[in-house]
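In: no sequence on this one, just coordinates:
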């Protein structure tokens, strides 16, 4: 079966950046990552689970993040993701790429003088 | 990168584990989400429901996440293969039909391909740097009609006379090393009834060294051995060595006896070595002693009839063009030195070709062309089998519309279904390939024995080439066969509904019927080929060769050691043979009908200063009853009788060809022949007999022959010497000559204990070998055509039956509305007939075009576009098409109107 394209309201590739950025603060499980992004963006960005978990597993397969089962603070086993060394480097790359993009988009959107 | 690969591979093995983990991860997410809502004040039930709703499609998330793991393609592949196997198990009949037909298609082609590559592509084994060895071709023009000027078409042969060969090897410049050999000839080793026939090749002293072969045991034949004065030595093939000797040492001390000369075995060649040709060779002998033993000392003379095949290994850096020019100059110089008036083109050209004879500059010899045509035919069968498989797959797709519709609905894309079909097709092809290897082992052996008897390659039935071909064919066939069904499936997707029981009639019809038409057309081509070859075969079989070919047996006596035959022993033999049961009459001659024919120098013909013949004339010294026994009809004058004795008038009989060429406008009876160069006495021609075909089967093959009675040869020493050196008993039998052979051998063993068994030959056997090409052609075309027609019938049946099943409802309604069953029957039959008829038209056009490839193979310039053959082929095909559609047609005619009405 061919994969349906990820139903991602975010710009393609942005989700990866957000996940990597979130994990800078320390290991977190999927639910916490989604919650964090939602909170920090003041509910502007809602991460759909249909995109979140494929993205997490994809990043893991690329070796940018690593996963480990740990007991959560509420006493349940959860899969915690942490940033790897390559992941940190990738974050720098993604971040600068995003900044370039955002500057470019802002320029285009600037009202004509 | 490596870790990535490791991760992926690892993930394939631990997929169950990973699946469980993913489930747990998702469960945790749902629980955490619910908990959050409970904390916010919702009741647990509602919290869980909302969490679930927010999460969305769990299955889809899981599916998408799995994709991220990286083993999705592999998993999909395994799933598709599993599905293909389930499909095969569920439809055993269908699977068997496809696998069997494909196996036959591939199994025929694998050995064929192996054989063709051996003939045309692969260099012979154990030859050092085979690209550096060249076969030397001599191309000369024919002296077509007007004698003395060489303006006819040029023809190239890879043989030249000794003079020309030594001129080549004397040149040390651009040509480099030169060696020569004669093509292996069957020669008796030893004498008497126990003599074994070995394939013997004569080689110059440089030959084996030039090829660069290393002996397995002992040494090779060297330049010192190639001398009539040296101790005769021999080297033998590995095959013969194994067959004959228990251990290597025994082989080295053994002796072989050919043509009255004893050779000591000094070496054994490596396994598989057969010289520059693929044919079997048992023994290699040094040229000089061997030729001298057979032909005396005159074999070096120009026009002695002895020739050999030259090979050259160019010096490093030398171009073929320079070598060609040097060789041409050398051969022309040699011819310029030759005695005048000999019938050879003074300006031949020499060209160096690849070592494989089949690649040489001349046009393909008949046997090779036949092999190529047969190769084309088997490829056609493979094509038909592929089309058939494709067709059956398409029909299956149509029957599986519901399943495919479900797959589409579940999100499988066009590619997904295409991949599934390709994998199903490949799985079927692989199963066929396995069976094909069995077919290849059996058929391959037969095919090689029929097409290339005596070739070295008959040893290993199944080898790397054949297996490799099978592998590639499986892939190609599997993928090609999937194209049509995949296209059909993709098309049907657009109009697909889950309810597929109706409205299916029009779908896919163009693809399916197109395939049927192609298949029918290809079958028709093969049927036409069969018919055309059969007509040639029949025509050749009916040829009147002059001799009474059904009832003749010949025994060759003499021609060994030069010791003259004893007339009284000959008479005793004749008398004893005459009294054998089944023998009608016995005559003597010096020629073997359709076998051996002799020339004698110095015949002068009345009215001509030089012999007025292009070939010959040939002489046959016979007993007086020869014409009666051999079945030659006396056309004018008389044959010989018992009054033609030593002291009566010297008489001769000539054949029709002789008479026409010598005295075109005058009565030949009464003319004079002067036998012997000094003869002044007239030998009177007293009769003319019909011309027999001595070498080939075409009327143009007639050769001028004159006959003299043996009883009158005593007056001339040369004639009596000739008569005493060779004698052939011509035995006319009542029934099949084969039955007389055994008692005859008994008589021969008594009176001529030194003669080997194979001197006894029956004319039917000789004749059969002459018409072999057409026999093989008919059989192979016939077998292929039978297979092709069977495939076409299966395909047609499948399509018609499927169509009928799809329209069962419609037929029911038609019947309910009053259509008669005979009308429905006719309707379906007409459909099958129409499809076949379109195929016949297309096939006829294809066969008209393909005729050019077999044209040179047919007997006596017969046309491959024979209307009768084409009509017969079309009739067979149409009949079979109607028969194939008969079963489904009957089913249609019995459609139950009640069922139709209930379904509506």
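Out: Received the coordinates, thanks. Bear in mind the structure is a predicted one, so any value in this text is a computation, not a measurement.
In: alpha carbons only for contacts and neighbour counts from here, please
Out: Noted.
In: who are the packing partners of the top helix by length along chain A?
Out: The residue-count maximum for a helix in chain A (DSSP state H) belongs to helix A:85-109. On a contact count with 3 or more Cα pairs under 8 Å, 6 or more residues apart in numbering or on different chains; DSSP states H and E, helix A:85-109 meets helix A:14-22.
In: what about the helix it packs on, near chain B?
Out: No - residues of helix A:14-22 contacting chain B under Cα under 8 Å from any Cα of the partner chain: none, with a closest distance of 13.2 Å.
In: so where's chain A shaky on pLDDT?
Out: Within chain A, the ranges that satisfy pLDDT under 70 run A:1-12, A:112-113.
In: dead centre of the chain: give me the residue that sits there.
Out: Here I'm looking at chain A. residue A:19 (2.1 Å; Cα atoms, centre = their mean).
In: you looked at the wrong chain, it should be chain B
Out: Most central in chain B (Cα atoms, centre = their mean) works out to residue B:371, at 3.2 Å.
In: buried residues in the strand or helix carrying that one?
Out: Assigned by DSSP states H and E, residue B:371 belongs to helix B:366-399. Residues of helix B:366-399 classed as buried: B:368-375, B:377-399 (neighbour count, 16 or more other Cα atoms under 10 Å in any protein chain shown).
In: the residue in chain B that chain A sits nearest to: neighbour count?
Out: Of all residues in chain B, residue B:65 sits closest to chain A, at 3.9 Å by Cα to the nearest Cα. Neighbours of residue B:65 under the rule other Cα atoms under 10 Å in any protein chain shown: 23.
In: leaving out chain neighbours, which residue sits closest to it?
Out: For residue B:65, ignoring the flanking residues on the chain, the nearest one in space by Cα to Cα, 6 or more residues apart in numbering or on different chains is residue A:54 at 3.9 Å.
In: against which helices or strands is the helix holding residue B:371 packed?
Out: helix B:92-120, helix B:414-451, helix B:464-494, helix B:509-541, helix B:772-806.
In: the strand or helix carrying the residue of chain B closest to chain A: what's the following helix or strand?
Out: Per DSSP H and E: residue B:65 is located in helix B:58-69. Beyond helix B:58-69 on the C-terminal side, the first helix or strand identified by DSSP H and E is helix B:72-90.
In: contacts only, for the one residue in chain A that gets nearest to chain B.
Out: Proximity of chain A to chain B (Cα to the nearest Cα) peaks at residue A:54, 3.9 Å away. The neighbours of residue A:54, taking Cα atoms under 8 Å, 6 or more residues apart in numbering or on different chains as the test, are B:61, B:64-68.
In: which helix or strand contains residue B:657?
Out: Using DSSP H and E, residue B:657 falls within helix B:656-662.
In: report all helices and strands that the helix or strand containing residue B:568 contacts.
Out: Using DSSP H and E, residue B:568 maps to helix B:567-578. Identification of packing neighbours for helix B:567-578 by 3+ Cα pairs under 8 Å, 6+ apart yields strand B:583-589, helix B:738-751.
In: would you tell me which of the ones you listed gets closest to residue B:297?
Out: Closest to residue B:297 of the helices and strands packed on helix B:567-578 is strand B:583-589 (Cα to Cα; 26.9 Å).
In: returning to that earlier point: grab the nearest non-local neighbour of the residue nearest to the centre of chain A.
Out: Nearest to residue A:19 is residue A:33, by Cα to Cα, 6+ apart, at 6.9 Å.
In: looking at the residue of chain B closest to chain A now. What's its pLDDT?
Out: Note for residue B:65: predicted pLDDT of 79.
In: burial count for residue B:268?
Out: So residue B:268, with other Cα under 10 Å, has 26 neighbours.
In: check residue B:230 too.
Out: The number of residues packed near residue B:230 is 12, by other Cα under 10 Å.
In: state the number of residues packed around the closest residue to it other than its chain neighbours.
Out: Nearest non-adjacent residue to residue B:230, counting by Cα to Cα, 6+ apart: residue B:224, 7.4 Å away. By other Cα under 10 Å, 13 other residues sit near residue B:224.
In: three-state assignment of residue B:224?
Out: Here residue B:224 is helix, with the state taken from DSSP: H, G, I helix; E, B strand; the rest coil.
In: what about it, distance to residue B:232?
Out: Separation of residue B:224 from residue B:232 (Cα to Cα, to the nearest Å): 10 Å.
In: so what touches the helix or strand hosting residue B:767?
Out: Assessed by DSSP H and E, residue B:767 sits inside helix B:763-770. If you take Cα under 8 Å, 6+ apart as the criterion, helix B:763-770 is touched by B:549-554, B:593-595, B:696-697.
In: please pick the buried ones from those.
Out: For the contacts of helix B:763-770, a burial check counting by 16+ other Cα under 10 Å picks out B:549-554, B:593-594, B:697.
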